[in-house]
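**Q** Here is my input, please return the structure:
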Amino acid sequence: MADITVYLCKCFGEIAATVDLEIVRAGLGDNPSVSSAEIVDSLCLNRDLETMAHQIREGVTQKVLIAACSSLARGDRIVRGLVHRGVRRTDIHLVDIREGCAWIHAGDPDGATGKAERLIDMGLAHLENVQTSDDVSVKINNEVMVIGAGPAGLAAATSLARSGITVHVIERAPHPGGMLRLVSRLYPKDSAASSRLEPYLDELERNPLITVYPRAKLQSIRGYTGNYKIRLSSGDDEHNLSPGAVIIASGAKVLLPDGLFRYGEVANVISQMELETRFRKGAVATKNAVFIQCVGARCQDRPYCSTICCPASIKNAARLKAENPVANVFVIHRDIMMPGSVLEGYYRHVMAQGVRFIRCEKDRPPEIIGTDRIEAVSVYDAVTGSTRTIDADLAVLSTPLIPNDDNRRIAELLGLQLDRYGFFREIYPMHPVETRMDGVFICGSARWPVSSDVAITQGEAAAMKAAALLARSQAAASDFSRVPGRKFGHARVNVETCSGCGNCMAVCPFDAIRLQKVEGKYSHVSRVNKMRCKACGNCVSVCPNGTMQMPEHNYLSVGEMIRRAF
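**A** Next comes the predicted model:
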């Protein structure tokens, strides 16, 4: 059946100067699939798009092959313009005969013309065999579940509630606030930690759209974008929620320096968080304090920098110095990490107050001297090349943030993966609070160690991403793509020939395939969740008998394109 119209674009002479479009059109005359072939000056102008869309709507043609510039130039604009005017994406095929033929073979017109003919013939083979995926739509529930009530989770929850969205905040601790509840003051302004938490805690109390579930534990998570089914326990009660999106703000915890620098063996060798506890009880009396950086960090087990340890130590060192100006306060470090001009200025200000910094070497770490109580710290000064013994009645070990134990459970329930350390690192460079699972966002130290102010910023960003999703009362599966634009299709399984081997389920990175028992068959068969499927094609590549196909790019289409190419 001749149902394909071919548009050959001159591109205002850019293509026609090299490719003989008359020869190309003449060669299409004998093709039974082609109803007509037109040579036009341009296709990217609005009037051109209107003309093509009108011809398709009036039934002059059913499918369109556009031979013009590449999708990276204006080809994609042409395709999007036709789709916007009501043409199905699967009825359009774009062939690059400008960059791929006319430009690259400008010195060989005959070769460029022949190549253009073969590319167009391959495009026709695709249109002749292309199929269309069945799309589905779902109702988007106007609710969000936030996992974690630290700074990131609180910022996300309050931002969403102020936008009129119902929020469920689940927190493993008895009270919201996260690690910020354990800190007395914040760098670089030395403000009270409570002053950063209070606005969010007040919003939790007075906003009826926010429900907090303390001592909560996730039991199960099912469903997909727009309609998750979540069961959790909070104390002795069980709850069933149906949020449209999930925000992971599970935070992190501080590494305990067990077995490092005689921690737990010698009195007054304490962690940074233990010093914070002393500050919350009142002034800390010390005459000679030593802070040791990178304890348990930037090592074989944890080669990463936790980013907040140096600012936290400098803040507490400055506080000890302020409480007792005659005290000797030292910070022993391998490198001081103070990213940004604000923290760099803070570091120089504290140095000017009299806090002293000693650079050591990784292979020659400081040593704690003392029997029952710390008496001194011995350290090799990498700057002077000499070993120094510093009197000390207090040693503070600065340890990194490490992942929370809940991360693995959350990742399993949501179909996500963790990095080698246990953080959620499934983020995209241009979309840092998104994960590979649509409707699941991540913020704060769950994704990587950050300070409370950065965690709050990320929480607000995740909230806005979730709000943008929930702004639609209904959404189609084809709307959720990992690349710009709509998803071009979904994987489709032939249940009659599926052997239930499970290869497709094993390689699916989006947890979109499950094996189900079908009555009348001796084995299980694959089922595709279209809301989760991203049309990556991994399942197609491992299917042993061609049962799994991508309708828009199926075996018949690809095979015929290859046959005609060669």
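**Q** Please make it C-alpha for all contacts and neighbour counts, starting now.
**A** Fine.
**Q** so what's R185 bridging to?
**A** A192 (DSSP bridges).
**Q** Tell me how many other residues surround it.
**A** If you count neighbours by other Cα atoms under 10 Å, R185 ends up with 22.
**Q** Repeat that for C44.
**A** For C44, using other Cα under 10 Å, the count is 19.
**Q** tell me the pLDDT at it?
**A** Note on C44: pLDDT of 89.
**Q** In a helix, it, correct?
**A** No - counting by DSSP: H, G, I helix; E, B strand; the rest coil, C44 is located in no helix; its state is coil.
**Q** wait, R436 sits on F510?
**A** Yes - R436 is in contact with F510 according to Cα atoms under 8 Å; the separation is 7.0 Å.
**Q** For the helix with the most length in the chain, C-alpha coordinates in PDB please.
**A** If you go by DSSP state H, the chain has its longest helix at helix 109-129. This file holds the C-alpha atoms of helix 109-129, laid out as PDB (Å, rounded to 0.1, in the frame of the first residue of the first chain):
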ATOM      1  CA  PRO A 109      28.100  14.700  -5.700                       C
ATOM      2  CA  ASP A 110      27.600  11.200  -7.100                       C
ATOM      3  CA  GLY A 111      28.600   9.500  -3.900                       C
ATOM      4  CA  ALA A 112      26.500  11.900  -1.800                       C
ATOM      5  CA  THR A 113      23.500  11.200  -4.000                       C
ATOM      6  CA  GLY A 114      23.900   7.500  -3.900                       C
ATOM      7  CA  LYS A 115      24.300   7.600  -0.100                       C
ATOM      8  CA  ALA A 116      21.200   9.700   0.200                       C
ATOM      9  CA  GLU A 117      19.200   7.100  -1.800                       C
ATOM     10  CA  ARG A 118      20.300   4.300   0.500                       C
ATOM     11  CA  LEU A 119      19.600   6.200   3.700                       C
ATOM     12  CA  ILE A 120      16.100   7.100   2.400                       C
ATOM     13  CA  ASP A 121      15.500   3.500   1.400                       C
ATOM     14  CA  MET A 122      16.500   2.400   4.900                       C
ATOM     15  CA  GLY A 123      14.100   5.000   6.300                       C
ATOM     16  CA  LEU A 124      11.300   3.600   4.100                       C
ATOM     17  CA  ALA A 125      12.000   0.100   5.400                       C
ATOM     18  CA  HIS A 126      11.600   1.400   9.000                       C
ATOM     19  CA  LEU A 127       8.300   3.100   8.300                       C
ATOM     20  CA  GLU A 128       7.000   0.000   6.500                       C
ATOM     21  CA  ASN A 129       7.600  -2.200   9.500                       C
END
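**Q** Whatever helix or strand comes next after that helix - contacts with which helices or strands?
**A** Per DSSP states H and E, the first helix or strand lying C-terminal to helix 109-129 is strand 137-139. Strand 137-139 makes packing contacts with strand 474-476 when contacts are defined by 3 or more Cα pairs under 8 Å, 6 or more residues apart in numbering; DSSP states H and E.
**Q** which neighbours does the helix or strand just after the strand it packs on have in its sheet, and in what orientation?
**A** Downstream of strand 474-476, the first helix or strand assigned by DSSP H and E is strand 492-493. Sheet pairing of strand 492-493 (DSSP bridges) gives strand 548-549 (antiparallel).
**Q** the helices in the stretch 251-400 of the chain, which residues?
**A** Secondary structure of the stretch 251-400 of the chain, counting by DSSP state H, counting those that start in this stretch: helices at 272-281, 309-323, 341-352.
**Q** cool, the stretch 51-200 of the chain as well?
**A** 76-84, 109-129, 151-162, 193-206.
**Q** okay, the shortest one in PDB with CA atoms only?
**A** If I follow you right, that is helix 76-84. Only the C-alpha atoms of helix 76-84 are listed here, as PDB (Å, rounded to 0.1, in the frame of the first residue of the first chain):
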ATOM      1  CA  ASP A  76      14.300  17.400  15.600                       C
ATOM      2  CA  ARG A  77      12.400  20.800  15.400                       C
ATOM      3  CA  ILE A  78      10.600  19.600  12.300                       C
ATOM      4  CA  VAL A  79       9.600  16.300  14.000                       C
ATOM      5  CA  ARG A  80       8.500  18.100  17.200                       C
ATOM      6  CA  GLY A  81       6.500  20.600  15.100                       C
ATOM      7  CA  LEU A  82       4.600  17.800  13.400                       C
ATOM      8  CA  VAL A  83       3.900  16.000  16.600                       C
ATOM      9  CA  HIS A  84       2.700  19.300  18.100                       C
END
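**Q** who's in contact with it?
**A** Helix 76-84 has contacts (Cα atoms under 8 Å, 6 or more residues apart in numbering) with 43-44, 49, 52-53, 70-71, 89, 92, 94.
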